[in-house]
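1. Sharing a sequence plus its predicted fold:
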Amino acid sequence: MMERKWMLRRSNININELAKNAAIDETIACILINRGISDIEAISKFKKASINDLYDPFLMKDMDKGTELIKSAILNNKNIVIYGDYDADGVTSTAIFFKALKRLGAKVKYHVPDRESEGYGMHSERVKSLKGEGIEVILTCDNGIAAIEQVRLAKELGMEIVITDHHEVQFIEDEEGNREYIIPQADAIINPKQKDCTYPFKSLCGAGIAFKFIQALYKKMDVDINEAYELIEIAGIGTICDVVDLVDENRIIAKNALKMLNTTKNLGLKALIEVIGMKDKKISSGTVGFQIGPCINATGRLDTAALSVELLLCQDTEKATELAKLLNDFNKQRQSITTSNVEEIISQIESSDIKNDRVFVIYKEDVHESIAGIVAGRIKDRYNVPTIVLTKGKEMPKGSARSIEEYNLFEELLKCKDLLSKFGGHPMAAGLSLEEDKIQLLRAELNKNCNLTEEDIVPKVRIDKRLPLRNVSYELIEQLEMLEPFGKGNESPVLAEKDVVVERVYILGKDQNTLKLNCRIGGTNLTIDALAFGKVDEFKELVAKRYGEDFIRDRYGDLKIDCIFSPYVNEYNGVKKIQIRLSDFRLAN
């Protein structure tokens, strides 16, 4: 059981005054301040998350040029291909473009690369075969900014190419650390990450940019703007699954997508929601991120992501159900493969000197390369150290890396670039490939350069506010729901309280893995139920360590805990009751 450090966030802003002026609860004001939202106008915009607050898509560099080219291609009956990607963002971007271009009468098809035979992004052989099929225009989504050679080839073959992407622009760095940015010679490049793009929001995902493109194209082609807004439902799935910051335009897209998903008319999504057991239940960002998204992603990992695009475009109920079941089955298979790989790697770490490293570099030949990132993330979560998981690969070992806040993975890999054949990413995640004989050298170099301290690798829990249990109310829960959707950049609120008296302890569930604590509400004779899932052993271990094994069976009256919690309304047999969900706890001093 890893020790966690609890830290209370602090602010110099007058919380009471802001809460009063914004007509919100002090707890809500405190949470918003911690998210960097600290003036009345920003709070109002955050609360509304209105479609009317979306920015003009034509503010994006090359948007006018790119939409003009596609408009001309449609009017001149040119053959267009949408060149997508195999993850949830690429799948949703592809579906948005295909739906919209079909609506505009385009001669259009889509291509989603095969993860193993083609890999991420544009592939030269595929560009040639598309030319052979008569394709005249390539429209990329969620890729293309790094396709220097492939774009040059497409242009030499006489094709027009419009890139829509959100990934970082490639660069060459000289010995002094000066960077020269390299951009493909496409006819138009729509990517707000370009240095000379003045678009006000830089953090859209691929699906968000595809939606903005169609917003602009529909305007040019006199289609009702509300038809473009219908595509937000699909763009929101890409936004939540690509783990971009859920602020500004991303928040507007995600929040409005969730409203639409809860009454969706999309046959594929309807079928998938039913298959995963969420019919007639509230679809939240968690449902999208942990259930819908993994099903969409699983096809690209274990088969072809074209199946997921097909699901989103499906017009036949029977076919939609068949595809939804297939996606769900693939996801279950992916979960099983992931779990066994994680268990094997934990065993490898525990039985070797890897466990003493500050940066884990693990080579396991038989890890399916499509799940290396998920496995690296699980290992990183367990040990709280940066983790690289490598698998055999076709030509050479390749893999994925996941990091912790205190370690800039991209910059550290940059220092070892001479050992790597290929790498790319950002501070928290990266992909890489290298020769097998360089793996141990990489491990040694990363660990030699690593400045992480004991303190750095202790997991941190950042608390938004200490909140007495007597202040938990239906009104507060309602206001907390207003802050949704939660995700990166708008994390779920972290509330805490100290010295909570536990009156009774119950162990529930068929597997006896749910902990229920009946807790006294301070200053009253009332109690509230606190539930923690999968934490029974942790609780027993804590109590036994301090009071002995018999304490659990004998008495609880003088047991006090500090806890981190989130309040919610539980409804059972028509009776509503406030409860709290414990994400962490410790015995009070």
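-> Perfect, I can see it now. Predicted model only: the values in this text are computed from it and were never measured. Numbers count the residues shown, from 1 in each chain.

2. What is the end-to-end distance of stretch 271-282?
-> 15 Å (Cα to Cα, to the nearest Å).

3. Stretch 52-63: how far from the chain's middle?
-> Remark: stretch 52-63 is offset 24 Å from the chain centroid, using Cα atoms, centre = their mean, to the nearest Å.

4. what residues does it touch?
-> Residues from elsewhere that reach stretch 52-63 (Cβ atoms under 8 Å, 6 or more residues apart in numbering): 45, 64, 188-192, 194, 196-201, 209, 212-213, 215-216, 219, 249, 252. In this view, the C-beta of every residue, glycine as well, is placed from N, C-alpha and C.

5. Filter those residues down to the buried ones, PyMOL style.
-> The following PyMOL line selects those of the contacts of stretch 52-63 that are buried, judged by 16 or more other Cβ atoms under 10 Å:
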select buried, resi 45+188+189+190+191+192+194+197+199+201+209+212+213+215+216+249+252
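
6. Wait, a strand at T264?
-> No. Counting by DSSP: H, G, I helix; E, B strand; the rest coil, T264 is located in no strand; its state is coil.

7. Skip the chain neighbours and tell me the closest residue to it.
-> Closest residue to T264 apart from its sequence neighbours, by Cβ to Cβ, 6 or more residues apart in numbering: K270 at 5.6 Å.

8. Likewise for M7?
-> In this structure, M7 finds its nearest non-sequential neighbour in R462, 5.3 Å apart by Cβ to Cβ, 6+ apart.

9. May I have the host helix or strand of that neighbour as CSV, with CA atoms only?
-> R462 is part of strand 460-463 when elements are defined by DSSP states H and E. Provided in CSV are the C-alpha atoms of strand 460-463 (Å, rounded to 0.1, in the frame of the first residue of the first chain):
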residue,chain,number,x,y,z
LYS,A,460,0.2,13.7,-4.2
VAL,A,461,-3.5,14.2,-3.5
ARG,A,462,-4.4,17.8,-4.0
ILE,A,463,-7.4,18.8,-1.9
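
10. now the next helix or strand after it, how far from the chain's geometric center?
-> From strand 460-463 onward toward the C-terminus, using DSSP H and E, the following helix or strand is strand 465-466. For strand 465-466, the distance from its own C-alpha centre to the chain's C-alpha centre is 26 Å (Cα atoms, centre = their mean).

11. Can you give the contact residues for strand 465-466?
-> Residues from elsewhere that reach strand 465-466, judged by Cβ under 8 Å, 6+ apart: 8-9, 27, 30-31, 493, 495-498.

12. Can you tell me the strand partners of it and which way each runs?
-> Neighbouring strands of strand 465-466 in its sheet, by DSSP bridges, are strand 495-508 (parallel).

13. in its sheet, what does the next helix or strand after the strand it pairs with sit against?
-> Counting by DSSP H and E, the next helix or strand C-terminal to strand 495-508 is strand 514-520. Strands that pair with strand 514-520, judged by DSSP bridges, come out as strand 495-508 (antiparallel), strand 527-533 (antiparallel).

14. can you pull the contacts of F410?
-> So F410 contacts 425-427, 430 (Cβ under 8 Å, 6+ apart).

15. hang on, the earlier thing: what's the PyMOL syntax to select whichever of the contacts of strand 465-466 are buried?
-> With 16+ other Cβ under 10 Å as the criterion, this PyMOL line picks the buried residues out of the contacts of strand 465-466:
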select buried, resi 27+30+31+493+495+496+497
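
16. how about the contacts of strand 465-466 in JSON lines, adding pLDDT?
-> Formatted as JSON lines, these follow (pLDDT from 0 to 100):
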{"residue": "L8", "pLDDT": "96"}
{"residue": "R9", "pLDDT": "95"}
{"residue": "T27", "pLDDT": "96"}
{"residue": "C30", "pLDDT": "96"}
{"residue": "I31", "pLDDT": "97"}
{"residue": "P493", "pLDDT": "96"}
{"residue": "L495", "pLDDT": "98"}
{"residue": "A496", "pLDDT": "98"}
{"residue": "E497", "pLDDT": "98"}
{"residue": "K498", "pLDDT": "96"}
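
17. Among the contacts of strand 465-466, which one lies nearest to S421?
-> Of all those, S421 sits closest to R9, with 42.0 Å by Cβ to Cβ.

18. In contact with that closest one, which residues?
-> Contacts of R9 by Cβ under 8 Å, 6+ apart are 34, 462-465.

19. I'd like to know which elements the strand or helix carrying A372 is packed against.
-> Under the criterion of DSSP H and E, A372 resides in helix 372-383. Counting contacts by 3 or more Cβ pairs under 8 Å, 6 or more residues apart in numbering; DSSP states H and E, helix 372-383 packs against helix 317-350, strand 360-363, strand 387-391, strand 398-402.

20. try it again with 7 Å
-> When contacts are defined as 3 or more Cβ pairs under 7 Å, 6 or more residues apart in numbering; DSSP states H and E, helix 372-383 sits against helix 317-350, strand 387-391, strand 398-402.

21. show me what contacts F97?
-> 82, 139, 141, 210 (Cβ atoms under 7 Å, 6 or more residues apart in numbering).

22. Filter the residues you listed down to the buried ones, ChimeraX style.
-> In ChimeraX, this line selects whichever of the contacts of F97 come out buried by 16+ other Cβ under 10 Å:
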select :82,139,141,210
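
23. shouldn't the residue nearest to M7 be in contact with L495?
-> No. Using Cβ atoms under 7 Å, R462 makes no contact with L495, being 11.7 Å away.

24. if we can go back for a sec, of the strands paired with strand 514-520, which approaches E344 most closely?
-> Shortest distance between E344 and the strands paired with strand 514-520, using Cβ to Cβ, is found for strand 527-533: 25.3 Å.

25. could you give the mean pLDDT of the closest one?
-> For strand 527-533, mean pLDDT is 96.

26. Which secondary structure elements does the following helix or strand past that strand sit against?
-> Going down the chain from strand 527-533, the next helix or strand is helix 536-547, by DSSP H and E. If contacts are counted by 3+ Cβ pairs under 7 Å, 6+ apart, helix 536-547 sits against helix 550-554.

27. What's the first helix or strand after the helix it packs on?
-> Using DSSP H and E, the helix or strand that follows helix 550-554 in sequence is strand 559-572.

28. hmm, who's touching that following strand?
-> Contacts for strand 559-572 (Cβ under 7 Å, 6+ apart): 461, 463, 472, 474, 476-477, 492-502, 530, 576-588.

29. And for stretch 125-144?
-> With Cβ under 7 Å, 6+ apart, stretch 125-144 has contacts from 70, 73, 78-85, 89-90, 93-94, 97, 111, 118, 120-122, 150, 153-154, 157, 159-165, 184, 206, 210.

30. Return the subset of the residues you listed lying in helices.
-> Within the contacts of stretch 125-144, residues falling in helices by DSSP state H are 70, 73, 89-90, 93-94, 97, 150, 153-154, 206, 210.

31. Tabulate the residues you listed (TSV), appending pLDDT and distance to I388.
-> Output for the ones in helices among the contacts of stretch 125-144, formatted as TSV (pLDDT from 0 to 100; distance: Cβ to Cβ, whole Å):
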residue	pLDDT	distance to I388
I70	98	40
A73	98	43
D89	95	23
G90	95	24
S93	98	28
T94	98	30
F97	98	34
Q150	97	27
L153	98	32
A154	98	34
G206	96	25
A210	98	31
